[in-house]
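Q: Quick one: sequence plus predicted model below, questions after.
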Amino acid sequence: MHKLMMLPGSRLVQHAAIALAIWVALTRLNQSVDPLLSYYLALVGMYATAMFGMTILVGLSGQVSLGNGALMAVGGYAFALTSLNWKTVPILGLPWNAVWSVVFAGIFGILVGLVIGGLAARLKGPYLAGLTLGVAVGVPAIANRFPGLFGGENGLMLTVPYPQGGYDASAVDTGPADTGADAIPTEAPDLPTEQAPIGGESLAPSDLLTVDDLGGAVSSAAPSVAPSDLITPDDLMGATGAPIASMPAEPSALASAGTDLGSTASGGVDAGSVDVSAVGGLILEQWQATLSITMACIMGFVALNLVRSRQGRTWQAVRDDSIAAAVSGINPSRSKVSAFVVSSLFAALAGAVFAQLLTYVGPGAYGLGLSLSLLVGIVLGGRASLLGAIIGAVLLVWLPVVVDRLSADRGWPEPVTNNAPNLLYGLLVVLVVLLAPGGITGTIRQSLAPVLRRRD
Amino acid sequence: MTTFIDYLLGGVSSGAIIALMALAIVLIWRSTRVVNFAQVGQAMFTTYVALTVRDATGNWIIALLAAIAAGAVLGLVVHWLVIRPVKRVDTSGAIIATFGVLISLQALAGMLWGGDTRGYAPPVSNDGIQLAGRIWPFSWYDVLVIGVTIALVIGLTLLFTRTNIGLAMRASAFNPEVARLSGVRVSRSLAYGWILAGMVGAIAGVLVAPTSQVSPNSFDILLVFAFTAAVIGGLDSLVGAVTFGIGTGLVISLVSGYSDSSNAPVVALVLLALNLLLKPDGVFGHHHSRAV
Amino acid sequence: MLTVSELSVSYGAVRALANVSLTVPPGEVTAVIGANGAGKSTLMRTLAGLVRPAAGSATLDGQPITGRKAEDIVRMGLALVPEGRSTIPDLTVEENLRLGGLWRNRSDRAASQAEVFDLFPILGQRRHLRADTLSGGERQQLAIGRALMAKPRCLLLDEPSLGLAPLIVTQILELVSGLARNSGLAVLLVEQNAVTALRVATTGIVLNLGEIVQTGPAADIASDEQLRHAYLGY
């Protein structure tokens, strides 16, 4: 954090003002749109948080990593395991609060980032990409290896605080009806055969995670009303009244695809004593979006400061010419490791948010597809730009929605609909690399440059 | 002891397939200094082609030939449309572009053939051979796989040492400028590398299909194994790719046998990380890979 | 006969060659001398097709070579031995030679290889060894041999003396000038080491900062003290 202090105070205030303005605007937006859009907003925030880290790692530091999806898994699992298993904060002895889970997600992210980054800093280009590819495939596989701890293939189920009457009534009413058809995606990275049927349709195996993949998980989880392992409104409001009980997941319930969820849910209806009025009666999706937006704005602020600090220039100097940087007193490998660790922190925190959005952590959700999504987003938006990360995040969420709508209008066959977003992503990535390496933001900046220069 | 030998035997043919895929990666690295992360995507696609042809003809060999032809075309297309124009722009770009190709191919396969996992019946029995009063973990199909691999390795060795095309390819890879000054059409030689890699990858895909099934994603894990083998072998060395490809297969078979097959990716990761840690010279040795 | 007229080359804003005109007649060695950075290597690389000229042209026996690809120029009969022992270390001696005439038919290639082995017998003895096992002088011979495998009418030699013992350089250059006399090969030799170069050359050309400052019989240039002080630094 001392690097932040190198910025003049006025810059810091300016950045804080930007982040706060965006936060206020998005929060207002969140309250005025329907739950589905709120959910999309939540996804955008989650992707953006992870991709700010990618901007630093891939864009500024020039290390093409496929491992950030796996680092999100680290954050997600750390979040889930600490909130499911720990009742007090180790050493400090304070009562456990889900905010602590986020903190621990960040800590684990940093630790794992140090290990992988330490290895990765010695590697160039394709070696790094290959190693992190191994991480993307290997780390989620660890979850399968220790089913007792990590819940294996089925992952761990988190439940959502959902006191009766506190949310939009229609969401509660329609929710349970959905659960019969919906299921949580549980495919393992190497077993794409087990596609989760969503809304009665069978998804084509797709390497990238799309909103479709996630939507099912959410609507099925929405109605569960068991005591919470997620951040509840209370956690953030400073109230300690809500009991944060631990409820280990039952893989069997998941294995039988959703139908059991309804009964689990009804079992815990009145367990939560959350004072919903304290947060103005947000429905679940709005609450998730609030968390995600808040995280994205805080981390966006941190990223903005890092990018514009001396550290940001150090990363770029090492990317452009590590030998020249070394000559001028920079330690290139330390610079690369620090970029990796920072991006791991971002990924882990995004992973924790993702766990909240899915109300579930599992190897399928954090597979190679997620890593590839992050790479696609950052490349399309613009590799070295935080704004590019945001644009990329929007694209990742918005494009599948557009394709879905087009498909519904034109009556495309199912395999086409399911794969069209990924085909577009793949082709766009190739085209961007060939024709506009700066991505959307880079290209816009380039075409604006002459105009701006003339004005000077 | 017999279990140990059984596990080893069981790993040979999967090692041979990893070796072929690693060979494909090495062929392209040698010619273009690009690691083609789309290689398994191309192999997956050509295996679908083989599946289609086989459904139509019922003939395993015709299907294999169709896959090889498709692999050659696909390799050439990826090289000409993607890698050639991107290479001089930036080094990260080439890596990212191959992932773009991978994503596109997987989506396209999903569109054309659907996402369901399809079986691919082996042309000869895949059951353990019964010999000397016991069933060995070794089938006639394993024999076929190993035979094809050996034939291919011999063929490639002859191509590179005995033919003009092979010499031109090696020269273009080692020193493009001297190759050009010697009258070699270097860009054509590089294209040959991609074509050849596409063909080898296509063979690997058809060979692995009976054991892994065919779906747009079912070869992903093979990419990790093959990359591991290729890197440990030095990325430049055909012999290294084959040796460590088979070695990786054996290690994975042992680990899967004694513990659980879900450990395999983690083991590959550990092998890769150890190699990169202990042999940084082997990794940094290539002056071409500097700067990113 | 290689004829170069008004050749100019620029690297961005830097002009590396300005209006260079020269001829390289068959049967003799023409030496281009000059200090480091005079544009000698640029001249060679431009003629061989590795660098595109900004203006001017070059012809080989009347056929234009500027604007063509390097791999076509060598097939037309102009071969370059670039600076720094341009062999491929991972290939054997014989493979390096085979590479030099890969596009020619087998019997032509065999004839050329026999000629190279006659000229440099050591290469014949080491034909199955990898090039990286050779000494510096042997590798320079191999590099020249590889160029001769194309059966060129014009041979360009860029700094063959670099890093070699003077005795070995003299031996190699005398072999080359003998070859030029006997077979009518046109040789363009670029050297920083003016004394050695002018000893084997018929004509000398002094290049300074991309421009030709003097052309004349090699012996005259070697004895021109003023020229030596001004441009050659000895």
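A: Perfect, I can see it now.

Q: do stretch B:226-241 and chain C meet?
A: No - under the criterion of Cβ under 8 Å from any Cβ of the partner chain, chain C is not reached by stretch B:226-241; the shortest gap measures 9.1 Å. All C-beta spots, glycine's among them, are computed from the backbone N, C-alpha and C.

Q: Show me what that stretch is in contact with.
A: Here stretch B:226-241 makes contact (Cβ atoms under 8 Å, 6 or more residues apart in numbering or on different chains) with A:127, A:130, A:133-134, B:18-19, B:21-27, B:29-30, B:35, B:37, B:39-40, B:153, B:156-157, B:160, B:242-245, B:247-248, B:268-269, B:271-272, B:275-276, B:282-283, B:286.

Q: ok, and for it, which residues are buried?
A: Neighbour counts over stretch B:226-241 (16 or more other Cβ atoms under 10 Å in any protein chain shown) mark B:226-236, B:238, B:240-241 as buried.

Q: ok, now stretch C:24-33?
A: So for stretch C:24-33, counting by 16+ other Cβ under 10 Å, buried means C:24, C:25, C:28, C:29, C:30, C:31, C:32, C:33.

Q: and that stretch, C-alpha only, in CSV?
A: Extracted C-alpha coordinates of stretch C:24-33, given in CSV (Å, rounded to 0.1, in the frame of the first residue of the first chain):
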residue,chain,number,x,y,z
VAL,C,24,32.2,-5.6,-59.8
PRO,C,25,33.8,-7.2,-62.9
PRO,C,26,34.1,-11.0,-63.2
GLY,C,27,37.4,-12.7,-62.6
GLU,C,28,38.6,-10.3,-59.9
VAL,C,29,38.1,-9.2,-56.3
THR,C,30,36.7,-5.8,-55.7
ALA,C,31,37.2,-4.6,-52.1
VAL,C,32,35.0,-2.1,-50.3
ILE,C,33,36.8,-0.7,-47.3
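
Q: Now do it, average pLDDT.
A: Averaged over stretch C:24-33, pLDDT sits at 93.

Q: ditto for stretch A:51-68
A: Mean predicted confidence for stretch A:51-68 is 90.

Q: Need the buried ones from the contacts of stretch B:226-241 selected in ChimeraX.
A: A single ChimeraX command selects the buried members of these (16+ other Cβ under 10 Å):
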select /A:127,130,133,134 /B:18,19,21,22,23,24,25,26,27,29,30,35,37,39,40,153,156,160,242,243,244,245,247,248,268,269,271,272,275,276,282,283
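
Q: So which of the contacts of stretch B:226-241 would count as near chain C as well?
A: Contacts with chain C within those, as defined by Cβ under 8 Å from any Cβ: none are present.

Q: Give me the subset of the contacts of stretch B:226-241 lying in helices.
A: Of the contacts of stretch B:226-241, the ones assigned to helices by DSSP state H are A:127, A:130, A:133-134, B:18-19, B:21-27, B:29-30, B:39-40, B:153, B:156-157, B:160, B:242-245, B:247-248, B:268-269, B:271-272, B:275-276, B:282-283.

Q: which parts of stretch A:86-99 are buried?
A: Within stretch A:86-99, judged by 16+ other Cβ under 10 Å, the buried ones are A:96, A:97, A:98.

Q: Narrow the residues you listed to those in helices?
A: Short answer: the buried residues of stretch A:86-99 in helices (DSSP H) are residue A:98.

Q: Dump the buried residues of stretch A:86-99 to JSON lines, plus distance to residue C:187 and pLDDT.
A: What follows is the buried residues of stretch A:86-99, written out as JSON lines (distance: Cβ to Cβ, whole Å; pLDDT from 0 to 100):
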{"residue": "A:96", "distance to residue C:187": "85", "pLDDT": "73"}
{"residue": "A:97", "distance to residue C:187": "85", "pLDDT": "73"}
{"residue": "A:98", "distance to residue C:187": "82", "pLDDT": "74"}
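
Q: Name the residues that touch the longest strand along chain B?
A: Assignment by DSSP state E gives strand B:134-139 as the longest strand of chain B. With Cβ under 8 Å, 6+ apart as the contact definition, strand B:134-139 has outside contacts at B:6-7, B:9-10, B:12-13, B:122, B:124-130.

Q: Please identify, among the residues you listed, the one with the most neighbours.
A: residue B:13 (26 neighbours; other Cβ atoms under 10 Å in any protein chain shown).

Q: And the pLDDT for it?
A: Reported pLDDT for residue B:13: 89.

Q: Kindly report the same for the one 4 residues further on.
A: Residue-level confidence at residue B:17 comes out at 93, pLDDT.

Q: Which residues lie in contact with it in this structure?
A: By Cβ under 8 Å, 6+ apart, the neighbours of residue B:17 are B:145, B:149, B:204, B:207, B:208, B:222, B:249.

Q: so which strand or helix has the third one?
A: Under DSSP states H and E, the secondary-structure element containing residue B:204 is helix B:186-212.

Q: After the longest helix seen in chain A, which helix or strand is next? Please name it.
A: For chain A, the longest helix by residue count, based on DSSP H, is helix A:332-358. Next in sequence after helix A:332-358, counting helices and strands by DSSP H and E, comes strand A:360-361.

Q: what is the mean pLDDT for the very next helix or strand once past that following strand?
A: Note on strand A:360-361: by DSSP H and E, the next helix or strand toward the C-terminus is helix A:368-381. Helix A:368-381 shows a mean pLDDT of 91.

Q: Just name whatever secondary elements helix A:368-381 is in contact with.
A: Secondary-structure packing of helix A:368-381 (3 or more Cβ pairs under 8 Å, 6 or more residues apart in numbering or on different chains; DSSP states H and E): helix A:35-54, helix A:68-85, helix A:125-145, helix A:386-410, helix A:414-435, helix A:439-455, helix B:91-113.

Q: Quick one: low-confidence residue ranges for the chain.
A: Assuming you mean chain A. A:1-8, A:159-282, A:452-456 (pLDDT under 70).

Q: not quite, I wanted chain C
A: C:233-234.

Q: what residues does it put near chain B?
A: C:48-50, C:69-71, C:74-75, C:79-80, C:82, C:86-91, C:95, C:98-103, C:146-147, C:149-150.

Q: Just the ones of those in strands?
A: Reading strands off the residues of chain C next to chain B with DSSP E, I get C:79, C:80.

Q: Which members of the residues of chain C next to chain B are classed as buried?
A: By 16+ other Cβ under 10 Å, those give C:48-50, C:70-71, C:74-75, C:79-80, C:82, C:86-88, C:90-91, C:95, C:98-103, C:146-147, C:149-150 as buried.

Q: Not counting its neighbours along the chain, what's nearest residue B:184?
A: Nearest residue to residue B:184 in three dimensions, chain neighbours excluded: residue B:168, at 4.6 Å (Cβ to Cβ, 6 or more residues apart in numbering or on different chains).
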